[in-house]
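In: the sequence and its predicted three-dimensional model are supplied below.
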Amino acid sequence: MNNEELTQILSDSIAFTSNIDKNLFTKMGVKRGLRNEDHSGVLAGLTRIGDVVGYERQEDGSLKPIPGKLYYRGLDVEELVAGIQKENRLGFEETIFLLLSGRLPLKEELEATKSLIAETMPLNHMATMNILALQGKNIMNILARSVLELYCYDENPDDISPNNLIHQSINLIAKFPTIIAYAYQVLRHDVRGRSLHVRLPHPEKSVAENFLFMMKGPNKYTELDIKILDLALILHAEHGGGNNSTFSVRVTSSTETDTYSAIAAGIGSLKGPLHGGANVKVMGMLEDMKKNISDWEDANQVDEYLRKILRKEAFDKTGLIYGLGHAVYTISDPRTGLLKEMARDLAKEKGREKEFALMELIENRIVEVFRESKKSNAKANVCVNVDFYSGFVYDAIGLPTEVFTPLFAMARIVGWSAHRIEEMNFSSKRLIRPAYKNVRELQGFIPINERK
Ligand SMILES: CC(=O)SCCNC(=O)CCNC(=O)[C@H](O)C(C)(C)COP(=O)(O)OP(=O)(O)OC[C@H]1O[C@@H](n2cnc3c(N)ncnc32)[C@H](O)[C@@H]1OP(=O)(O)O
Ligand SMILES: O=C([O-])CC(=O)C(=O)O
């Protein structure tokens, strides 16, 4: 038997070995996807960091859908954004302090946070050379490998004292933009044959501006580009303990492993198209739609294309409309509205109003088409999620698709850090170790000469 034949046998066995009847979950009281029958998440922990609210529990136990709310350390994110915008400031560094410390910074604390982050952004020479040498086309993969590489440059990588956890968190938060920008520059050089630019981050610039500077060079971005990137970073920074990547970080951290291993687990999770990878898929879906409908203002054509996706006849044929649906939000994702309003201004500045109007039309049609196509077997409420507009925003500020999901990681590293610190420091902590019910019947050992 050759290797291919053996692989085929093993691959054919998957249909049998992985077949677990959906009804068994209900019968045995096992929560599929750690979700209750009403789609709400099984409570897996307590946190003081983020709160994601999409429904209210009624006295009779049923869920009442409500407009989505997101809180960072008890502060409504819409209020945080409005406060920062009113004072005409950028806010990502303030969000970092808020999420790590639990409160808004005083003026001098904010200034110190900005300086510390900017000063920590540069990579040392060896780390730069090693990251530049990493081969590969996927920047999430390169980011995970780079994070594991940083373990080697840390004198105390396994020290889990609170002080060292903060030190490591700041280091990773500050270095993610640099790693991502350099990884993209290498890709651009290797794959597209363009010059290799390794720009040093500037100690006076914000995270958002430094990222644009390292990606695009001086004078290649506008004030609005910086502002909207900063907003996107604020909005992606944290999403409670239950989102898949943060939960992965918490699960991994509960073994008391090192920071780099735990964060690499989060990156691996976020890369998936059902989670952070959806922003790339949304743009692909939009491009495909633009090619396949003749009139971008015709709601009937938009509806028909969306129906085709749901019938697995269009785009990636998975039957999924990317940027739609959420495990918690029902009526709205509060981040989508905030991003959309700035995206509207951006579309105007960049002359992309026609595309923005198409996105708005899709947003207006998507829920109805979903409901009518899915009928009774889908949950009653769906809304567009944050990934729906984020890809358009990044594209409009001239950032390439390869960095869309890494940008999500560049923000979420803050939430991951806060959750890792909480997971390792709450007084009644326990190793996270749920159970799986085995539903395989027993088999006996058969001597090798008697097997058929
Ligand atoms: C930042 C973020 O991570 S936000 C999420 C980003 N991901 C996406 O945009 C990918 C598209 N969306 C989805 O896949 C889903 O909506 C998820 C995974 C995000 C959330 O799903 P859940 O709330 O768990 O819903 P659930 O998986 O229980 O789905 C219920 C039904 O609706 C369907 N459904 C949910 N979302 C979608 C969608 N976007 N397109 C098509 N069908 C969908 C499911 O296939 C399922 O149908 P079924 O009962 O016939 O099997
Ligand atoms: O909460 C979730 O499941 C996914 C999400 O929106 C996020 O992580 O930002």
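Out: It's in. Ligands and ions are numbered 1, 2, ... in the order given.
In: drop to CA atoms for contacts and neighbour counts, all remaining ones
Out: Noted.
In: max-length helix in this structure?
Out: helix 162-192 (DSSP state H).
In: so the closest residue to ligand 2 within the stretch 1-150 of the chain is in which element?
Out: Nearest residue of the stretch 1-150 of the chain to ligand 2: Val52, at 7.3 Å (CA to the nearest ligand atom). Take DSSP states H and E as the rule and Val52 turns out to sit in strand 50-57.
In: spatially central residue in this structure, please.
Out: Gly276 (3.1 Å; CA atoms, centre = their mean).
In: wait, it sits on Phe408?
Out: Yes. Between Gly276 and Phe408 there is a contact at 6.5 Å, judged by CA atoms under 8 Å.
In: using CSV, write down the CA coordinates of the helix or strand bottoming out on mean pLDDT in the chain.
Out: Ranked by mean pLDDT, DSSP states H and E, the weakest helix or strand in the chain is helix 125-133, scoring a mean of 84. Output of helix 125-133 as CSV, limited to C-alpha atoms (Å, rounded to 0.1, in the frame of the first residue of the first chain):
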residue,chain,number,x,y,z
HIS,A,125,18.0,43.8,15.6
MET,A,126,17.9,40.0,15.9
ALA,A,127,14.2,39.8,16.2
THR,A,128,13.8,42.0,13.1
MET,A,129,16.1,39.8,11.1
ASN,A,130,14.4,36.6,12.3
ILE,A,131,11.0,38.0,11.5
LEU,A,132,12.1,39.2,8.1
ALA,A,133,13.5,35.7,7.4
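In: what helices or strands is that helix leaning on?
Out: Contacts defined by 3 or more CA pairs under 8 Å, 6 or more residues apart in numbering; DSSP states H and E place helix 125-133 against helix 139-150, helix 162-192.
In: state the mean pLDDT of whichever strand or helix holds Thr113.
Out: Here Thr113 sits within helix 107-120, counting by DSSP H and E. Mean pLDDT, helix 107-120: 98.
In: how far off helix 162-192 does it point, in degrees?
Out: 50 degrees (axes from the mean of the first three to the mean of the last three CA atoms, to 10 degrees).
In: report the buried residues of the lengthiest strand in the chain.
Out: Counting by DSSP state E, the longest strand found in the chain is strand 63-72. Buried residues in strand 63-72, defined by neighbour count with 16 or more other CA atoms under 10 Å: 65, 68-72.
In: equivalent analysis for stretch 196-207, please.
Out: For stretch 196-207, a neighbour-count test (16+ other CA under 10 Å) marks 197-199, 201-203, 205-207 as buried.
In: looking at these, which is nearest ligand 2?
Out: Proximity of the buried residues of stretch 196-207 to ligand 2 (CA to the nearest ligand atom) peaks at Val207, which lies at 19.8 Å.
In: isn't the closest one up against Phe176?
Out: No. Counting by CA under 8 Å, Val207 does not reach Phe176; the two are 10.0 Å apart.
In: what's the neighbour count on the residue of the stretch 101-250 of the chain found nearest ligand 1?
Out: For the stretch 101-250 of the chain, the residue closest to ligand 1 is Asn243, as judged by CA to the nearest ligand atom, at 7.2 Å. With neighbours defined by other CA atoms under 10 Å, the count for Asn243 comes to 17.
In: ok, now how distant is it from Ile432?
Out: 16 Å (CA to CA, to the nearest Å).
In: re the thing from before, which elements pack onto the helix holding Thr113?
Out: Helix 107-120 packs on helix 92-101, helix 162-192, going by 3+ CA pairs under 8 Å, 6+ apart.
In: what lies in contact with that helix?
Out: Residues outside helix 107-120 that contact it (CA atoms under 8 Å, 6 or more residues apart in numbering) are 93-94, 97, 170-171, 173-175, 201-207.
In: can you give me how far that helix is from the chain middle?
Out: When distances are taken as CA atoms, centre = their mean, to the nearest Å, helix 107-120 is centred 25 Å away from the chain's centroid.
In: equivalent analysis for stretch 323-333, please.
Out: The answer for stretch 323-333 is 14 Å, by CA atoms, centre = their mean.
In: that stretch: which residues count as buried?
Out: Buried residues in stretch 323-333 (16+ other CA under 10 Å): 323-326, 328-333.
In: those residues: which ones sit near ligand 1?
Out: On the criterion CA under 6 Å from any ligand atom, 323-326 are the entries of these that sit beside ligand 1.
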